Every structure is written in structure tokens, then in C-alpha cells.
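Peer 1: Based on what follows, work out the 3D shape:
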Amino acid sequence: MPMAGAVNPDSVSTGTRAMFFMITPNESSFQKVEDVPQYVQQATPFFVGLMVLELVVGFLKTGAPVISLSDGLTSVSAGMISRIPLLFMRGCELTAYMFVWDRYRLLELPWDSAWTWWIAFLGVDFCFYWVHRLAHEVSFIWAAHQVHHSSEYYNLTTALRQSLTQQFTSWIFYLPMALIVPPAVFAVHIQLNLLYQFWIHTELIKNLGPLEWVFNTPTHHKVHHGRNSYCIDKNYGGILIIWDRLFGTFAAEKEKVVFGLVSPINTFDILYVQLHYYLYLGRRSTTFKTISDKCLTFINGPSWKPGKPRLGDHLDNPKVTGQEVPHDPSWSLPLQMYVIIHFLLALGTYQDCLKTRWPRAAVLEMLRCVVIVTMQRYGYMKPLLPTLAVTTQAFVSLSLLYWALQSFSKMFSSRKKTD
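Peer 2: Residues are numbered from 1 along each chain as shown. Here you go, the predicted model:
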């Protein structure tokens with residue numbers, strides 16, 4: 001995400017300013033899409049640095065960690081999963097955008113004009129408001145977006161808890177911009193808009209005074225993540241909060257905000273976090289008798305039922321008392337160590353694959369399998385079902401063999417080239 005790559009990838013100053021949308025048009029204007037840096041990928045050091053800073057400052061202020069191991073790793077893992085499609089294609093928004101631009105554009109604004117840059121800034125943020133709003137008001141889109149709201153904590157790791165599937169619907173809302181704004185300008189702002197939204201996911205930053213009237217801030221977005229009745233379906237803005245004020249979806253923080261889904265899922269199973277709501281919608285639709293009601297289950301709001309308004313009325317939602325405690329199961333020390341090591345190896349593989357589509361991925365995956373086999377061998381890790389124990393061990397062992405062969409093959413090929 002960081003715009004630092006636009007001028008100097010090693011510039012901490014530029015990268016830091018980019019996190020807060022303090023980059024000038026001259027620093028981030030490009031003629032070709034191919035020249036636009038991969039800001040999201042380059043943001044990793046800034047994400048890690050700010051998360052560590054939040055952890056330290058939060059502990060000094062409260063005497064307790066603001067990030068739990070289980071929830072934090074689930075959030076970061078969700079962020080990694082959401083980027084997997086980039087291994088196979090460009091982002092859906094940019095691919096569809098370029099298609100419309102090439103065939104149907106009505107006007108070609110100059111790519112190097114500051115006016116074009118600011119029009120793109122407002123256009124992307126306006127479109128994001130509607131992308132975000134519809135993600136809360138249409139059940140089958142909410143099935144993707146609920147991933148981001150599934151954490152019962154509110155910290156910088158929560159910003160990374162993204163959906164694998166939401167990008168397959170969000171691209172539609174940006175297409176009108178493709179009629180006049182060049183793809184390279186759009187490619188900058190679609191990333192910059194997302195980048196800004198990282199730092200507002202924290203409870204450590206309080207009211208920012210007059211800035212609260214115009215910009216989306218931690219206090220505004222904190223409300224958006226609440227499951228209190230006054231928080232639901234409020235504050236959809238990305239960078240600007242003015243859209244919510246204009247369209248009647250703004251709410252200021254009142255009593256204590258309780259975070260998470262209306263009905264918490266109480267699990268850190270990453271596949272369940274990503275996909276459970278699709279299964280829920282399928283089951284829910286079978287409980288209705290008419291074809292129209294079955295179809296409306298997917299199109300109307302998440303709390304809709306026959307006889308209620310399109311968006312439902314939230315009367316059946318569990319009451320929030322303010323005494324709710326986030327799901328935080330106790331993990332043994334060996335299990336915690338396994339999770340951390342496994343995650344770091346997976347993260348290394350992920351970064352390696354996104355950067356070069358291969359290099360050290362095989363070695364890292366081999367090491368990950370070694371950790372799993374070791375944990376299983378000494379009883380620190382068991383399958384969910386005892387009957388799957390032999391199958392799981394066999395599968396992991398085969399994976400270990402496969403990645404070991406891939407690693408040696410790569411080493412041998414590299415040596416041959418050197419010789």
C-alpha cells in the first residue's frame with residue numbers, strides 16, 4: 001500500500017506520509033498502469049512497525065496487551081488469504097476498470113494533471129462508500145464483508161482481516177470512473193484509499209477535533225465496528241466521513257462500543273471465518289416456503305425476514321450489555337509456539353510467492369511441514385477427529401517429501417546455472 005514506492009521504496013518519510021494520505025500528486029502520478037508500484041505489498045514493514053508500536057503503547061497505557069495471539073494471527077492470516085488471487089491475476093477492480101476504459105471511455109482526462117488526481121481521489125472514495133454500504137445491506141455481499149467484522153477486538157491487526165471473496169463484487173461500483181479517469185490514476189487511488197484505512201483501526205487514538213467533521217477517524221470507524229444497536233450500519237466512509245453525513249448514515253460514539261458480529265462465531269478457524277456465512281444463507285433460504293423469499297434471503301439485508309423491511313429492523317439481535325468478553329481460549333505454551341512458528345513460515349512463503357512467484361517458497365513450506373510432523377510426533381498437535389490421525393500424518397509426510405524434493409531440485413538447478 002505505501003506510496004513510498006512511487007518515489008523511493010526505502011524512504012521512511014514518504015511511506016509514513018502515505019499512510020495518512022499526505023502524498024502529493026507529483027509523487028504519485030503515472031502514465032502507465034505498469035509503472036504504478038504495488039503499494040499494498042510494499043506496506044508490510046509499515047504495518048508491522050505500527051502494530052508493534054500499538055502493542056507497546058497499549059501495554060504502557062493499559063497494562064495489558066491490546067492484541068491477543070489467536071485473534072491477531074487470525075486477522076493477519078485473513079489478510080494474506082485475501083491477496084491470494086493476485087498470484088493468478090490483477091485485482092478484479094483494476095482488470096474490469098481497464099476493460100471498460102479501453103472500450104467505452106467517453107473522455108480521457110490527462111494523467112499528469114493535479115485536477116485528475118483530485119477527481120480520482122473523490123471518485124474512489126465516493127465509490128468506496130457505496131461499495132461498503134451495499135456490503136452491509138445485501139446479504140450475499142455481506143457474506144464476504146462479515147470477515148472484516150468478525151473480530152471482537154479493535155486494533156491494527158483488525159484492519160488486515162479481509163475477505164477472499166469480496167473483491168469479486170466490489171469492482172462493479174468503480175466502473176463509472178473508467179469512463180473518464182485513466183487506469184494508472186485509478187490504480188494509485190484504489191490502493192491509497194485502502195492504505196489510509198489501516199491506521200484508523202485502533203482505540204489508542206481518541207478524538208481528533210475539527211478533523212472529525214471531514215475525515216474518517218479512529219473514533220468514527222470504531223463505531224462502525226460496533227455491534228451496539230446505535231452502531232449497526234453506520235459510518236461507511238473510507239477516507240472522508242462527509243458521505244455519511246450527506247446520506248444519513250453517520251453516528252457519533254456514545255456508550256461503550258462492543259466489537260464483532262451481532263452473533264459472535266467464537267472460533268479462529270480461518271476457513272470458517274471466511275466461508276461460514278455463505279453456508280448460513282443457504283440453510284436460511286431453505287426455511288422459507290416461496291421462491292421469492294428464498295431469493296430475497298441473498299439480496300435483502302442480513303436481518304431481513306418475510307414481512308419486515310428490506311434491511312430488517314434488528315429487533316431480534318442479541319442485546320448488548322457492555323459486559324461482553326471476547327472469545328479467547330487458553331492455549332498451551334507448545335501450541336502457542338507451534339502457531340507462531342507455523343505462521344512465520346507461512347508468512348515467509350506468502351511474501352516470497354507474491355514477490356517472485358516462487359523462490360524460497362519450497363524451502364519455507366518444507367520447514368513448515370517439519371514443524372507439523374514434529375508437533376504430531378510428540379503429541380502437541382492432534383487432528384480434530386481421532387479417526388483422521390493416520391490420514392493427517394500421511395498427508396503431511398507426503399507434503400514434506402514433495403517440498404523437500406522441490407527444494408533440492410531448485411538448489412540443484414541454481415548450482416548448475418552457477419557452474
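
Peer 1: Let me see the contact set for the spatially most central residue of the chain.
Peer 2: What sits nearest the mean C-alpha location of the chain, by C-alpha atoms, centre = their mean, is residue 162, with 2.2 Å. Going by C-beta atoms under 8 Å, 6 or more residues apart in numbering, residue 162 touches 78, 79, 82, 147, 148. Using the backbone N, CA and C atoms, a C-beta is placed for each residue, glycine as well.

Peer 1: count of residues packed around the nearest residue to it once chain neighbours are set aside?
Peer 2: Closest residue in space to residue 162, ignoring its immediate chain neighbours: residue 82 at 3.8 Å, by C-beta to C-beta, 6 or more residues apart in numbering. The local packing of residue 82 (other C-beta atoms under 10 Å) involves 22 other residues.

Peer 1: I'd like to know how far residue 82 sits from residue 170.
Peer 2: With distances taken as C-beta to C-beta, to the nearest Å, residue 82 is found 12 Å from residue 170.

Peer 1: for the protein, what are the low-confidence residue spans?
Peer 2: The chain contains residues with pLDDT under 70 at 1-14, 86-90, 342, 348-366, 368-369, 372, 375-419.

Peer 1: try 80 this time
Peer 2: Scanning the chain for pLDDT under 80 picks out 1-18, 40-44, 83-91, 330-419.

Peer 1: can you list the domain ranges for it.
Peer 2: The chain breaks down into these domains under automatic domain parsing: 4-247, 333-418.

Peer 1: Ok, which of those comes nearest residue 315?
Peer 2: Closest to residue 315 of these, according to C-beta to C-beta: domain 4-247, at 9.5 Å.

Peer 1: tell me how far that closest one is from the chain's mean position?
Peer 2: Relative to its chain's centre, domain 4-247 lies at 9 Å (C-alpha atoms, centre = their mean, to the nearest Å).

Peer 1: How about stretch 243-260?
Peer 2: Stretch 243-260 has its C-alpha centroid displaced from the chain centroid by 21 Å (C-alpha atoms, centre = their mean).

Peer 1: could you dump that stretch to CSV, C-alpha only?
Peer 2: C-alpha atoms of stretch 243-260 as CSV (Å, rounded to 0.1, in the frame of the first residue of the first chain):
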residue,chain,number,x,y,z
TRP,A,243,-20.6,10.9,2.6
ASP,A,244,-22.1,9.5,5.8
ARG,A,245,-23.1,13.0,6.9
LEU,A,246,-24.7,13.7,3.5
PHE,A,247,-26.6,10.4,3.2
GLY,A,248,-27.7,10.0,6.8
THR,A,249,-25.5,7.1,7.9
PHE,A,250,-23.4,8.9,10.4
ALA,A,251,-23.3,8.1,14.1
ALA,A,252,-21.0,9.6,16.8
GLU,A,253,-19.7,7.4,19.6
LYS,A,254,-21.9,7.2,22.6
GLU,A,255,-21.8,4.4,25.2
LYS,A,256,-19.0,1.8,25.2
VAL,A,257,-18.6,0.1,21.8
VAL,A,258,-18.7,-3.7,21.8
PHE,A,259,-17.0,-5.1,18.8
GLY,A,260,-17.7,-8.0,16.5
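
Peer 1: So which residues make contact with that stretch?
Peer 2: Here stretch 243-260 has contacts from 125-126, 129, 133, 149-154, 219-220, 222-223, 225-228, 230-231, 233-237, 241, 320, 322, 324, 326, using C-beta under 8 Å, 6+ apart.

Peer 1: Identify each buried residue in that stretch, please.
Peer 2: Residues 243, 244, 249, 250, 251, 253, 257, 258, 259, 260 are the ones in stretch 243-260 that count as buried (16 or more other C-beta atoms under 10 Å).

Peer 1: Now tabulate those residues in JSON lines and tack on distance to residue 283.
Peer 2: Below are the buried residues of stretch 243-260 laid out as JSON lines (distance: C-beta to C-beta, whole Å):
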{"residue": "243", "distance to residue 283": "35"}
{"residue": "244", "distance to residue 283": "33"}
{"residue": "249", "distance to residue 283": "30"}
{"residue": "250", "distance to residue 283": "34"}
{"residue": "251", "distance to residue 283": "31"}
{"residue": "253", "distance to residue 283": "35"}
{"residue": "257", "distance to residue 283": "30"}
{"residue": "258", "distance to residue 283": "26"}
{"residue": "259", "distance to residue 283": "26"}
{"residue": "260", "distance to residue 283": "21"}
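
Peer 1: Of these, which is the nearest to residue 291?
Peer 2: Minimum distance to residue 291 across these is 31.7 Å, recorded for residue 249 (C-beta to C-beta).

Peer 1: Confirm the closest one sits in a helix?
Peer 2: No - applying DSSP: H, G, I helix; E, B strand; the rest coil, one finds residue 249 to be coil, outside a helix.

Peer 1: before we move on, back to that, return the most buried member of the domains of the chain.
Peer 2: Highest mean neighbour count among the domains of the chain (mean count of other C-beta atoms under 10 Å): domain 4-247, with a mean of 18.
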